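Give me a 3D structure for the following:
(2 chains)
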Amino acid sequence: EADIYQTPRYLVIGTGKKITLECSQTMGHDKMYWYQQDPGMELHLIHYSYGVNSTEKGDLSSESTVSRIRTEHFPLTLESARPSHTSQYLCASSEYGGFETQYFGPGTRLLVL
Amino acid sequence: AQKVTQAQTEISVVEKEDVTLDCVYETRDTTYYLFWYKQPPSGELVFLIRRNSFDEQNEISGRYSWNFQKSTSSFNFTITASQVVDSAVYFCALNGGTSYGKLTFGQGTILTVHP
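This next block holds a predicted model:
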């Protein structure tokens, strides 16, 4: 059973607002990831981290930013939300290694009006 | 470059039918891992199985079974005697040796099991 948490689960917000999506895991995993999932279902990697103070951009360009100050915490921030940011955001973590299983949080559904 | 193709966008079955979800992958890596995840309506992705490229044995877990064939680059997933609770989106994913842990997902297959 994976212990990875995301808050909020649902967020409705107006254009221009700054938002932070929280992701925490209690498994001591070094690697963490953020995925964006379109309404059409495809999952796109937008950010990942291999450990504290390590962050990289993923395959899909995103206006969001991330930080990794603590092993267990990997928040995602949007400085100015826009309707095009409406999506589901999924956080995942895995042990350090080349092929480890990624375990996912419950996701945050974001709606920007 | 890696690619995963799930050609079936949607499948609809009646309860107790068997159903197979197809997954075809492309990679130049000789060492790689394949995964299946389930996404129920609640939204989270639930890990189902992880398989490495050197192990072609089929696997069975309860009503679930997986058929891995390197010759056809396929990793298909079969649900036997489907139930309404199996209704979900199912994703196949690939992690190649040169991708440094990053997953490449297929487009997903929506499975609806009718009572």
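
give me the element the most centrally placed residue in chain A is part of.
Residue closest to the mean C-alpha point of chain A, counted by C-alpha atoms, centre = their mean, is residue A:34 at 3.2 Å. Take DSSP states H and E as the rule and residue A:34 turns out to sit in strand A:31-37.

which outside residues touch the helix or strand that comes right after that strand?
Following strand A:31-37 in sequence order, the next helix or strand is strand A:43-51 (DSSP H and E). Outside strand A:43-51, the residues that touch it by C-beta atoms under 8 Å, 6 or more residues apart in numbering or on different chains are A:30-38, A:55-60, A:62, A:64, A:66, A:68, A:71, A:74, A:76, A:90, A:96, B:91, B:101-103, B:105, B:108. The way it works is simple: take the backbone N, C-alpha and C, and place the C-beta from them, glycine included.

List the pairing partners of strand A:43-51 within its sheet, with orientation.
strand A:31-37 (antiparallel), strand A:54-57 (antiparallel) (DSSP bridges).

Tell me what the residue nearest to the centre of chain A is bridged to.
residue A:47, residue A:91.

Let me know the distance separating it from residue B:95.
17 Å (C-beta to C-beta, to the nearest Å).

Would you map the strands across chain A?
A:4-7, A:10-13, A:19-25, A:31-37, A:43-51, A:54-57, A:65-66, A:76-78, A:87-94, A:103-104, A:108-112 (DSSP state E).

what about chain B, any weak spots by pLDDT?
B:97-100 (pLDDT under 70).

mind showing which ranges of chain A have poor pLDDT?
A:1-2.

Within range of chain A, give me the residues from chain B.
Where chain B comes near chain A, counting by C-beta under 8 Å from any C-beta of the partner chain, the residues are B:31-33, B:35, B:37, B:42-47, B:50, B:52, B:89, B:91, B:95, B:97, B:100-103, B:105, B:107-108, B:110.

What about the residues you listed, which are in strands?
Going by DSSP E, the strands hold B:32-33, B:35, B:37, B:46-47, B:50, B:52, B:89, B:91, B:95, B:105, B:110 from the residues of chain B next to chain A.

Around chain B, which positions in chain A sit nearby?
Checking chain A against chain B by C-beta under 8 Å from any C-beta, the hits are A:2, A:31, A:33, A:41-43, A:45, A:48, A:58-59, A:88, A:90, A:92, A:94, A:97-107, A:109.

Quick one, which of those residues are buried?
Neighbour counting by 16 or more other C-beta atoms under 10 Å in any protein chain shown classes A:2, A:31, A:33, A:41, A:43, A:45, A:48, A:58, A:88, A:90, A:92, A:94, A:99-107, A:109 among the residues of chain A next to chain B as buried.

surely residue A:17 meets residue A:83?
No: judged on C-beta atoms under 8 Å, residue A:17 makes no contact with residue A:83 at a distance of 11.9 Å.

which one of the two has more residues nearby?
The neighbour comparison of residue A:17 against residue A:83 (other C-beta atoms under 10 Å in any protein chain shown) goes to residue A:17, with 14 against 10.

so what's that one up against?
Counting by C-beta under 8 Å, 6+ apart, the residues that residue A:17 touches are A:80, A:81.

same thing but 6 Å
Going by C-beta atoms under 6 Å, 6 or more residues apart in numbering or on different chains, residue A:17 touches residue A:81.

Also the one 5 residues further on?
For residue A:22, the contacting residues are A:7, A:75, taking C-beta under 6 Å, 6+ apart as the criterion.
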